[in-house]
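# below are the sequence and a predicted model; questions follow.
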Amino acid sequence: MKKTALRVGLAALFAAWLPTAAHAAQPKEVRLDYAYYAPTSLVLKQQGLLEKALEPQGISVKWVFSQGSNRSLEYLNGGSTDFASTAGLAAVLSRANGAPIKTIYVASRPEWTALVVPKDSPIQSVADLKGKKIAATKGTDPFLFLLQSLQKAGLNKNDVEIVHLQHPDGRVALERGDVQAWAGLDPLMASSELQAGSRLLYRNRDFNSYSVLSVTETFAEQQPALIEQVIAAYEQARQWAIANPDALAQLLANEAKLPLEVARLQLSRTDFSNSQPGAEHIDALKAAAPILLEEGLVRPGTDVAGVVDQLITPQLAAKVIARSVAKAGN
């Protein structure tokens, strides 16, 4: 009996240890997206920060370009990338609709979207958009910004005609006159303002959700050490961005092939000060999340507040940031 109990105890101990052992098996390649709407991803890529950090472990880095949160989440959930740069509310929408993802880091708090009209448009308020064609990219922050803006004005998505286009095509449609408004996204929005004279019809920073980094639940469980290394590299990029605003603007201009003044306008609306996921971000997402239910973007009865709680995973970033602060203090 004692031997049997011992064997059972050892088996249980081994079973408890086994997942930890699995964590040690790192991939040979880590795959991340980069995007013009996520400036720190450009810093990370251009400076090779992650490549330098992972080279001693024999891990290579693959970069995939993303045009918007919807594409970024498609790549992540389809297994093409390991990390996704998205808007916070877009990540909530993805999780609410069954994608097993975790948000692990806050890259910035941007005001990257607004409702945009042509320079000579007679439209003066959101209420004036009733019955009009509006370009937007479904599943992204600008799309959700549009829905919240309409709701605030006493309208809903059925009161307008939403034309589903990727962000670059939405800008073209606006400037060509194919639509009367566009739920814009920087840097395309800033470029349209300065180059075509487009006007921001409606701005609301509280309707802009954070720029976040997400992974799948499986990756979070299997590769916590690797995730910490990626977050540490993002922290290097964020600190560099804060310390070098002019160089950051030039980098964004070069990467996105934009005039420097366009890059500067985008960055003037971007706050890099708080990268730790926490109560501030959770509260903001919970305040915005009901629009997903009200507009039928998630299943009726979905606990959207609960989805936010399941999504935000601050522990890994907290460890990295704490180490960074301690190092800076020494």
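Okay, I see it.
# residue contacts, Ala253?
Pro259, Leu260, Val262, Ala263 (C-beta atoms under 8 Å, 6 or more residues apart in numbering). Every C-beta, even on glycine, is put in place using the N, C-alpha and C of the backbone.
# select only the buried ones of these in PyMOL?
Buried subset of the contacts of Ala253, written as a PyMOL selection, criterion 16 or more other C-beta atoms under 10 Å:
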select buried, resi 262+263
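# redo the contacts of Ala253 as JSON lines? Include distance to Pro27 and secondary structure.
JSON lines is the format used below for those (distance: C-beta to C-beta, whole Å; DSSP: H, G, I helix; E, B strand; the rest coil):
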{"residue": "Pro259", "distance to Pro27": "39", "secondary structure": "coil"}
{"residue": "Leu260", "distance to Pro27": "38", "secondary structure": "helix"}
{"residue": "Val262", "distance to Pro27": "37", "secondary structure": "helix"}
{"residue": "Ala263", "distance to Pro27": "34", "secondary structure": "helix"}
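# what's the closest of the contacts of Ala253 to Ser80?
Closest approach between those and Ser80, by C-beta to C-beta: Ala263, at 27.7 Å.
# that closest one against Leu188, yeah?
No: at 11.9 Å, Ala263 and Leu188 do not qualify as touching, with contact defined as C-beta atoms under 8 Å.
# burial check on Ala135, number of neighbours?
27 (other C-beta atoms under 10 Å).
# Ala225 too?
For Ala225, the tally of surrounding residues (other C-beta under 10 Å) stands at 12.
# which strand or helix spans it?
helix 224-243 (DSSP states H and E).
# what's that helix in contact with?
23, 26-27, 30, 32, 39-41, 43-44, 47, 49-50, 53-54, 59, 83, 104-105, 107-108, 213, 215, 219-220, 248, 272-273, 275, 316-317, 319-321, 323-324.
# pick the one among the contacts of Ala253 closest to Ser72.
Using C-beta to C-beta, Ala263 is the member of the contacts of Ala253 that lies nearest Ser72, at 20.7 Å.
# now do the closest one, the pLDDT please.
Looking at Ala263, its pLDDT stands at 96.
# cool, the one 3 residues further on as well?
Per-residue confidence for Gln266 comes out at a pLDDT of 96.
# let me know the closest of the contacts of Ala253 to Thr137.
Distances from Thr137 to the contacts of Ala253, taken by C-beta to C-beta, are shortest for Val262, at 19.6 Å.
# contacts only, for the closest one.
By C-beta under 8 Å, 6+ apart, Val262 lies in contact with Pro187, Ala190, Ser191, Leu194, Gln195, Ala253.
# as TSV, these with distance to Asp169 would be great.
Formatted as TSV, those follow (distance: C-beta to C-beta, whole Å):
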residue	distance to Asp169
Pro187	15
Ala190	17
Ser191	14
Leu194	20
Gln195	16
Ala253	22
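# what are the phi and psi values at the residue nearest to the spatial centre of the chain?
Note on the chain: the residue nearest the mean C-alpha position is Thr86, at 1.9 Å, using C-alpha atoms, centre = their mean. Recorded main-chain torsions at Thr86 are phi -140, psi 170, according to degrees, to the nearest 10.
# this protein - how does it break down into domains?
Here the domain assignment for the chain is 29-109+209-329, 113-207, based on the TED database.
# burial check on Lys157, number of neighbours?
Lys157, neighbours per other C-beta under 10 Å, totals 17.
# for the protein, which strand is longest?
Longest strand of the chain, by residue count under DSSP state E: strand 101-110.
# ok now that one, how far from the chain's centre?
Mean C-alpha position of strand 101-110 versus that of the full chain (C-alpha atoms, centre = their mean, to the nearest Å) differs by 6 Å.
# help me confirm that Pro122 is found in a helix?
No: read with DSSP: H, G, I helix; E, B strand; the rest coil, Pro122 is coil and lies in no helix.
# the residue nearest to it when sequence neighbours are not counted: how many residues sit nearby?
Computed as C-beta to C-beta, 6 or more residues apart in numbering, the closest residue to Pro122 that is not its neighbour in sequence is Asp128, at 7.8 Å. When neighbours are counted by other C-beta under 10 Å, Asp128 registers 16.
# does Asp128 count as helix, strand or coil?
Secondary structure state of Asp128, per three-state DSSP, is helix.
# how about the helices in the stretch 201-330 of the chain?
217-222, 224-243, 245-256, 260-268, 279-288, 290-294, 304-311, 315-329 (DSSP state H, counting those that start in this stretch).
# of all those helices, which one comes closest to Pro118?
Pro118 sits nearest to helix 260-268 of all these, at 17.7 Å, using C-beta to C-beta.
# and that closest one, how far from the chain's centre?
Remark: helix 260-268 is offset 19 Å from the chain centroid, using C-alpha atoms, centre = their mean.
# format the CA atom coordinates belonging to it as PDB.
The C-alpha coordinates for helix 260-268 follow below in PDB (Å, rounded to 0.1, in the frame of the first residue of the first chain):
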ATOM      1  CA  LEU A 260       7.300  64.200 -42.100                       C
ATOM      2  CA  GLU A 261       4.500  66.600 -41.000                       C
ATOM      3  CA  VAL A 262       2.000  63.700 -41.400                       C
ATOM      4  CA  ALA A 263       4.000  61.500 -39.100                       C
ATOM      5  CA  ARG A 264       4.300  64.300 -36.600                       C
ATOM      6  CA  LEU A 265       0.600  64.900 -36.600                       C
ATOM      7  CA  GLN A 266      -0.100  61.200 -35.900                       C
ATOM      8  CA  LEU A 267       2.400  61.000 -33.100                       C
ATOM      9  CA  SER A 268       1.100  64.200 -31.500                       C
END
